[in-house]
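In: Okay, structure incoming, though there's no sequence with it:
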Ligand code: SF4
């Protein structure tokens, strides 16, 4: 089915134009300085949902701490989460460490170089597998994410809905047919760079595009109408009161989140699901939940944090303990300085200015 579109597409010239441009103007990124599959892997995981400029300092610090799979495999999970703090989507960090542990225990510390073993590791989906196999191992494997689908949907005028999971397969099929077998590593990185710098979501700069001559959407002037993407469902807002509870020794209550689910194993200030509980029952709820008696203080501010499926609407209040002893193992009392050693989600880091 995919061949019709490619019948009039000059694959050799397309590869030559793309690779020439890439060799002259590729971005200088720290993980590109060598072809270490572990480093490519970490960079690709960090780059999911996060911009390159944000990732670079995290990547450099991470590599100083964990330069090889061995250091990351034996690291304490809380420290890894601390190194990830601010990048969000923390399950990426937990999965990465679990998978790296498997690489050490099952594969002698060598990142697998085939789709089956690599794709079988925790958190390593088809995109990351393709990225590692092509970039580090120079195998002609597609690495298709939203950016790559955008670029190819325009280049080949593909009007399939990229929000549908099955569409990805279609794009992988096309990429397999047009990827350079001589230099698949540069090919995939060139497409990534093209999507990040020229063929951007809004207003692509087609006049500077190295593959403009090949682009079907450009030739018809419809580049801004592609890709086709149906809207995702709206995130559901959930209201919480977040409590900065202080005891008589100037220590604050922090709570470790559960082992599974959203923001697993990170720390936070206690959060009251206020719509269910109601403000008038807040102090009673805190006592029944944590065994700590409090008196509510001043309202300090509000914050919003958007996840992929929900939005936290946080009202931040001070509170004081009337009775602070508790045997709830999730919570600890800790002073302001020591708090910094614990990994917190971004929204709770922002609350620290009110301490
Ligand atoms: Fe994207 Fe424009 Fe280049 Fe086509 S010509 S690939 S739409 S930047």
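Out: Looks like it came in fine. Here the structure is a predicted model, which means the values were calculated and not measured. Residues are numbered from 1 along each chain as shown.
In: List, one by one, the residues from the stretch 101-250 of the chain near the ligand.
Out: Listed as neighbours of the ligand in the stretch 101-250 of the chain under the rule C-beta under 6 Å from any ligand atom: 151, 154-155, 198-199, 204, 206, 209, 211-212, 215, 217-218, 223. Quick note: C-beta positions are derived from backbone N, CA and C, even for glycine.
In: Please identify which pair of the residues you listed lies farthest apart.
Out: 198 and 217 (13.3 Å; C-beta to C-beta).
In: Turn the residues of the stretch 101-250 of the chain next to the ligand into TSV, including neighbour count and pLDDT.
Out: Output for those, formatted as TSV (neighbours: other C-beta atoms under 10 Å; pLDDT from 0 to 100):
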residue	neighbour count	pLDDT
151	26	98
154	25	98
155	27	98
198	19	97
199	27	98
204	23	97
206	17	98
209	22	98
211	22	98
212	18	98
215	20	98
217	22	97
218	20	97
223	22	97
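In: So what sits opposite residue 321 in the bridge?
Out: Bridge pairing for residue 321 (DSSP bridges) gives the partners residue 294.
In: Please tell me how far it sits from residue 85.
Out: For residue 321, the distance to residue 85 (C-beta to C-beta, to the nearest Å) stands at 27 Å.
In: residues making contact with the helix or strand hosting residue 73?
Out: Per DSSP states H and E: residue 73 is located in helix 69-74. Residues from elsewhere that reach helix 69-74 (C-beta atoms under 8 Å, 6 or more residues apart in numbering): 38, 65-66, 80, 96-97, 100-101, 103-105, 109, 111.
In: hmm, try it at 7 Å
Out: Contact partners of helix 69-74, identified using C-beta atoms under 7 Å, 6 or more residues apart in numbering, comprise 38, 65, 66, 97, 100, 101, 103, 104, 109.
In: Please name the residues that touch residue 212.
Out: Counted by C-beta under 7 Å, 6+ apart, residue 212 has contacts 206, 218.
In: Please state the backbone phi and psi of it?
Out: phi -50, psi -40 (degrees, to the nearest 10).
In: for residue 17, what are its contacts?
Out: Contacts of residue 17 by C-beta under 7 Å, 6+ apart are 210, 211.
In: how close does it get to residue 345?
Out: For residue 17 relative to residue 345 (C-beta to C-beta), the value is 44 Å.
In: swap in residue 255?
Out: Distance of residue 255 to residue 345, given as C-beta to C-beta: 12 Å.
In: what touches both of these two?
Out: residue 268.
In: ok, how many other residues are close to the residue in the stretch 251-355 of the chain that the ligand sits nearest to?
Out: With C-beta to the nearest ligand atom, the shortest gap between the stretch 251-355 of the chain and the ligand falls at residue 308, namely 26.5 Å. A count of neighbours around residue 308, defined by other C-beta atoms under 10 Å, yields 8.
In: Now it. Nearest residue, chain neighbours left out?
Out: residue 235 (7.1 Å; C-beta to C-beta, 6 or more residues apart in numbering).
In: How about the contacts made by the one you found?
Out: Residue 235 neighbours (C-beta under 7 Å, 6+ apart): 306, 307, 309, 310, 311.
In: now the first one, nearest residue through space, not along the chain?
Out: So the one you mean is residue 306. Counting by C-beta to C-beta, 6+ apart, the residue nearest residue 306 is residue 235, at 6.3 Å.
In: again, but for the last one
Out: In space, not counting the residues next to it along the chain, residue 311 is nearest to residue 237; the distance is 4.5 Å by C-beta to C-beta, 6+ apart.
In: what about the one you found, how many residues close to it?
Out: Residue 237, neighbours per other C-beta under 10 Å, totals 12.
In: Need phi/psi at it.
Out: phi -80, psi 140.
In: ditto for the one 4 residues further on
Out: Its backbone dihedrals place residue 241 at phi -100, psi 120, with angles given as degrees, to the nearest 10.
In: Same question for residue 110.
Out: phi -100, psi 120.
In: now swap in the one 10 residues further on and tell me
Out: Backbone torsions of residue 120, given as degrees, to the nearest 10, read phi -80, psi -10.
In: Give the burial count for it, as a bare number.
Out: 14.
In: cool, and the one 4 residues further on?
Out: Taking other C-beta under 10 Å as the neighbour definition, residue 124 ends up with a count of 22.
In: pretty sure it is in contact with residue 100, am I right?
Out: No: under the criterion of C-beta atoms under 7 Å, residue 124 is not in contact with residue 100, lying 10.4 Å apart.
In: Show me the helices in the stretch 51-200 of the chain, by range?
Out: Under the criterion DSSP state H, counting those that start in this stretch, helices of the stretch 51-200 of the chain are mapped to 52-65, 69-74, 77-84, 91-106, 115-119, 126-131, 146-155, 167-178, 184-197.
In: ok, and for the first one, which residues are buried?
Out: In terms of neighbour count (16 or more other C-beta atoms under 10 Å), helix 52-65 has its buried residues at 52, 55, 58, 59, 62, 63.
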